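> Have a look at this prediction, sequence included:
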Amino acid sequence: MSKKAISCLSLQQLSQNSFIAGTSKGIATIDLPANRIKLNPLAFLQNHKASGNFITFLFKDFKGNWWLFPWRNGIWTADSDFKKFTQLFNNFLFENGKPKPLVIADAAEDADHNVWMADLDEGIIFYNRKTHTFSKPFEKGLGSKYTCLQVIYFRKNCYSFSGNKILKWNVDTVHLQIIDLPAHMDRPISSMAMDSSGRLWVATGKGLVVYDFKTNSYERFTTADGLVTNNMDGTLYCRDNGIMIFGSPYYLLSFNPDQMLASLDKKPGLQFEGAIVNGKPILLDSSTEMKFNHNQNNFIFKWAVTDYNNPFNNHYSYLLQGADKNWHDNGSRGQLNFANLSPGKYVLLFKGKNSNEIDTGSVLKYQFEILPPFWQTWWFLSLVGLSVLLIFYFFYRYRIQQALNLEKLRNKISLDLHDDIGSTLSSISILSEMAIRQNKEAATTAMLREIKENSISLMDKMDDIVWSINPENDSIENLFLRIKTFATRLFEAKEIAYRIEIENNLRKVKLPMQNRQNIYLIMKEAINNLVKYSDCTEAEINVGLMGDKLNIVIQDNGKGFDKKNIVSGNGIHSMNKRTQEMDANLEIKASEGKGTMIILSLKIK
């Protein structure tokens with residue numbers, strides 16, 4: 001068997017010059033002075049499972065017994081001479097009806113001699129020495145499956161990690177604490193180790209992070225501090241003398257934790273480097289507020305972190321007071337550009353960090369004002385505002401006067417129509433009635449009767465016109481009250497059972513005078529036709545508002561008619577014409593023997 005094909009996964013010291021290793025081919029004993037390796041292939045484990053002698057980790061407990069963790073072959077123990085092997089536990093889970101053996105990557109024994117193990121698939125496994133039982137103490141909080149690569153026992157606490165989260169728990173209370181790395185350090189963890197002062201060092205994909213449990217604070221070291229690379233994929237180890245070792249497949253690193261942390265006490269400085277306004281450099285004075293004309297509105301500000309170990313990786317940020325709630329990250333460039341700034345007062349704050357994310361601790365403040373042009377000054381705007389108010393006032397007075405003039409005109413027309421035409425037509429009616437009584441000839445009587453009827457009809461129509469233009473009748477309530485009065489009189493005279501429903505929400509509807517007149521005359525014509533020609537016993541009028549449409553429905557249960565044989569009489573032509581004037585819709589539904597329905601729909605603007 002070639003020794004080159006063997007991989008070492010775990011190493012434990014037996015004496016000053018000898019070690020025992022868990023390998024991919026079993027257990028190896030290493031004698032350094034003799035430069036000799038003795039391999040125990042653990043054939044019985046290989047017979048038990050093909051990869052059974054692939055030992056991922058091993059350690060010696062307080063009794064002198066060895067704990068072995070073969071790859072997916074459960075948990076085993078052996079005596080000090082590796083002659084007697086016992087399997088303590090195999091699995092918790094089953095897959096496809098078969099046991100899924102554990103694959104332990106690391107283990108630690110606490111002061112009570114209980115054993116805490118980190119499993120690649122199932123997280124933290126706990127062995128209770130008193131009850132000789134195995135359990136998964138954090139299954140409820142973390143789930144049945146999560147990855148843990150390492151477990152450390154230090155002063156009554158255990159530490160592990162899963163992904164980019166640090167796990168800490170007290171071995172007595174088994175209370176779990178999950179610690180998240182800060183956002184700028186948040187990368188997957190590959191290894192961790194506790195230094196002699198109780199600080200936790202963590203190797204991540206973004207450098208070496210140290211967490212101080214006393215101050216609950218983080219620090220991070222990167223290539224700017226001498227690391228070979230920020231992607232620290234390897235193993236951390238703390239020696240008895242306090243020196244920490246980091247090993248990777250490509251290099252070995254050692255450092256003193258106290259000395260590294262001492263280098264962080266010095267904070268970097270921060271200073272202005274100048275400003276440019278409209279292409280011309282200016283001298284910054286942070287003690288006073290500088291003023292600029294409205295056309296001086298293009299600015300470039302420059303500031304610097306005075307740490308030159310790795311200046312290209314220093315970080316800069318800024319905040320504009322009054323406009324920003326959070327600081328803006330400006331990357332690795334201490335320069336800020338503003339173009340076409342509006343007039344007003346500005347307060348800018350600047351800060352920075354060095355390449356190790358160490359804050360400067362100080363903030364630079366610069367305040368300035370861009371003066372408005374004269375057309376934006378308060379006195380000019382006040383003058384414009386006063387002028388606008390005067391214009392609106394005179395326009396308002398003009399509209400009021402026009403409305404008063406129109407009101408007077410409407411009153412005069414109403415009065416003239418009533419007094420002149422009304423009185424004249426009344427006289428015609430009276431004279432016609434007298435002629436009928438005095439003249440006995442049938443032809444004359446018929447002619448005079450027609451004169452009377454036409455006069456009465458003309459008076460009714462004139463009364464409708466006068467009513468519609470009278471300003472006292474502008475309310476839509478008055479419109480439908482008049483319709484209701486007119487319809488009731490006709491229906492009761494013809495002994496027609498009727499129902500008239502007008503929704504209360506129509507009070508808010510406003511209609512122009514012309515539309516009110518057209519609606520009134522259309523409904524009057526429809527009601528007249530219903531009474532004269534339908535031979536109905538029941539009639540119904542419904543007026544309602546649906547969305548932005550006024551809907552009027554007039555229907556009866558009369559004899560109806562065939563719409564194909566409809567003629568231009570009965571006022572239908574007049575109704576259609578008035579509907580078109582209002583840009584409304586008139587629909588007549590009728591068939592012989594099934595009554596008639598007239599629907600008028602008008603959009604309310």
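Done, it's in. Numbers count the residues shown, from 1 in each chain.
> And Asn231, how close does it get to Thr288?
Look at Asn231 and Thr288: by C-beta to C-beta, to the nearest Å, they are 49 Å apart. For glycine as for every other residue, the C-beta is placed from the backbone atoms N, C-alpha and C.
> The two - which one has more neighbours?
Legend: neighbour count by other C-beta atoms under 10 Å for Asn231 and Thr288, higher for Asn231 (17 against 8).
> ok, the more buried one - contacts?
Gly205, Lys206 (C-beta atoms under 8 Å, 6 or more residues apart in numbering).
> how about it, secondary structure?
Of the three states, Asn231 takes coil according to DSSP: H, G, I helix; E, B strand; the rest coil.
> cool, and the one 10 residues further on?
Of the three states, Asn241 takes coil according to three-state DSSP.
> Report how many residues lie close to it.
7.
> Now do the same for it: its pLDDT.
We have a pLDDT of 89 for Asn241.
> now do the one 3 residues further on
For Met244, the pLDDT comes out at 92.
> Could you do Ser427 as well?
59.
> Let me know the distance separating the nearest residue to Phe221 once chain neighbours are set aside from Ile391.
Closest residue in space to Phe221, ignoring its immediate chain neighbours: Leu208 at 4.5 Å, by C-beta to C-beta, 6 or more residues apart in numbering. Leu208 is 74 Å from Ile391, where distance means C-beta to C-beta.
> These two: which has the busier surroundings?
Each of Leu208 and Ile391 has its neighbours counted (other C-beta under 10 Å); Leu208 has more, 23 against 10.
> And the next helix or strand past the helix or strand the more buried one falls within?
Element membership for Leu208, per DSSP states H and E: strand 207-212. As assigned by DSSP H and E, the chain's next helix or strand after strand 207-212 is strand 217-221.
> Now that next one: buried residues?
By 16 or more other C-beta atoms under 10 Å, the buried positions in strand 217-221 come out as Tyr218, Glu219, Arg220, Phe221.
> Pull up the per-residue confidence for the second one.
According to the model's per-residue confidence, Glu219 sits at a pLDDT of 87.
> cool, and Lys532?
pLDDT, Lys532: 88.
> what does Pro373 give?
pLDDT recorded at Pro373 is 80.
> doesn't Pro343 make contact with it?
Yes. Taking contacts as C-beta atoms under 8 Å, Pro373 lies within contact range of Pro343: 7.5 Å.
> Between those two, which is the more surrounded one?
Set side by side, Pro373 and Pro343 show more neighbours around Pro343, with 15 against 11, by other C-beta under 10 Å.
> distance of the closest residue to the more buried one other than its chain neighbours from Asn295?
Computed as C-beta to C-beta, 6+ apart, the closest residue to Pro343 that is not its neighbour in sequence is Pro372, at 3.9 Å. The gap separating Pro372 from Asn295 is 11 Å, by C-beta to C-beta.
> neighbour-wise, which of the two wins?
Comparing Pro372 with Asn295 by other C-beta under 10 Å, the one with more neighbours is Pro372, at 16 against 10.
> State the mean pLDDT of stretch 299-311.
pLDDT averaged over stretch 299-311 gives 82.
> swap that for stretch 93-109, sorry
pLDDT averaged over stretch 93-109 gives 93.
> Provide a list of residue ranges in the chain with pLDDT below threshold.
Applying pLDDT under 70 to the chain picks out residues 1-4, 48, 50, 264-266, 308-310, 405-474, 566-570.
> Sketch out the strands for the stretch 351-500 of the chain, chain order is fine.
Along the stretch 351-500 of the chain, the segments classed as strands by DSSP state E, counting those that start in this stretch run 364-370, 497-502.
> Starting from the strand holding Leu208, tell me which strands it pairs with and how they run.
The pairing partners recorded for strand 207-212 under DSSP bridges are strand 200-204 (antiparallel), strand 217-221 (antiparallel).
> want to throw those strands into a markdown table with distance to Phe246?
Shown next, in a markdown table, are those (distance: least, C-beta to C-beta, whole Å):
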| stretch | distance to Phe246 |
| --- | --- |
| strand 200-204 | 6 |
| strand 217-221 | 11 |
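> Which of these sits closest to Trp327?
strand 217-221 (18.9 Å; C-beta to C-beta).
> Using CSV, write out every CA atom in the closest one.
C-alpha atoms of strand 217-221 as CSV (Å, rounded to 0.1, in the frame of the first residue of the first chain):
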residue,chain,number,x,y,z
SER,A,217,-17.1,43.5,19.6
TYR,A,218,-15.5,42.3,16.4
GLU,A,219,-12.2,43.1,14.7
ARG,A,220,-11.0,41.9,11.3
PHE,A,221,-7.5,41.4,9.8
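> which residues sit against that strand?
Contact with strand 217-221 is made by 181-182, 184-185, 206-212, 227, 260-261, 264, 356-357, as judged by C-beta under 8 Å, 6+ apart.
> in the chain, which spans are helices?
43-48, 139-142, 257-262, 378-416, 422-438, 442-469, 476-493, 513-533, 572-581 (DSSP state H).
> Can you give the domain ranges for this protein?
182-257, 270-376, 377-473, 476-605 (automatic domain parsing).
> residues touching the residue nearest to Phe221, list them.
Trp201, Val202, Arg220, Phe221, Thr222, Leu227, Met232, Phe246.
> Closest one to Thr377 out of these, please.
Using C-beta to C-beta, the contacts of Leu208 come closest to Thr377 at Arg220, 52.6 Å.
> and the closest one, bridged to which residues?
Val209.
> do Leu39 as well
Ala28.
> Can you get me a residue count around it?
The number of residues near Leu39, taken as other C-beta under 10 Å, comes to 15.
> For it, give its distance to Leu58.
14 Å.
> Equivalent analysis for Thr288, please.
Applying C-beta to C-beta to Thr288 and Leu58 gives a distance of 72 Å.
> same question, Arg220
From Arg220 to Leu58 the distance is 33 Å (C-beta to C-beta).
> is it true that Phe299 touches Lys280?
No. If you go by C-beta under 8 Å, Phe299 and Lys280 don't touch, sitting 11.0 Å apart.
> So for these two, which residue has more residues nearby?
Phe299 (21 against 8).
> Just give the nearest non-adjacent residue to the more buried one, would you?
Nearest one to Phe299, counting by C-beta to C-beta, 6+ apart, is Phe338 at 4.5 Å.
> any idea how far that neighbour is from Lys280?
Phe338 is 15 Å from Lys280, by C-beta to C-beta.
> How about Asn40?
In terms of C-beta to C-beta, Asn40 sits 82 Å off from Lys280.
> And Phe561, by the same measure?
91 Å.
> quick one, what contacts Val277?
Per C-beta under 8 Å, 6+ apart, neighbours of Val277: Phe292, Gln296, Asn298, Phe299.
> Most widely separated two among those?
Phe292 and Asn298 (10.2 Å).
> how far away is Asn313 from Ala262?
Counting by C-beta to C-beta, the gap from Asn313 to Ala262 is 22 Å.
> Neighbour count: those two, which is higher?
Asn313 (16 against 10).
> quick revisit: most neighbours, which of the contacts of Val277?
Phe299 leads those on contacts (other C-beta under 10 Å) with 21 neighbours.
> how much space between that residue and Pro70?
With C-beta to C-beta as the criterion, Phe299 and Pro70 are 68 Å apart.
> and if you look at Leu11?
17 Å.
> Neighbour count for the two, which is higher?
Set side by side, Leu11 and Pro70 show more neighbours around Pro70, with 28 against 14, by other C-beta under 10 Å.
> Would you agree that one is in contact with Phe54?
Yes. Contact status for Pro70 versus Phe54: in contact at 6.1 Å, counting by C-beta under 8 Å.
> Is it possible to get the strands of the stretch 351-500 of the chain out as a markdown table so that each row also shows mean neighbour count and distance to Gly571?
Output for the strands of the stretch 351-500 of the chain, formatted as a markdown table (neighbours: other C-beta atoms under 10 Å; distance: least, C-beta to C-beta, whole Å):
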| stretch | mean neighbour count | distance to Gly571 |
| --- | --- | --- |
| strand 364-370 | 17 | 73 |
| strand 497-502 | 14 | 20 |
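> Having no further points to raise, I will conclude here.
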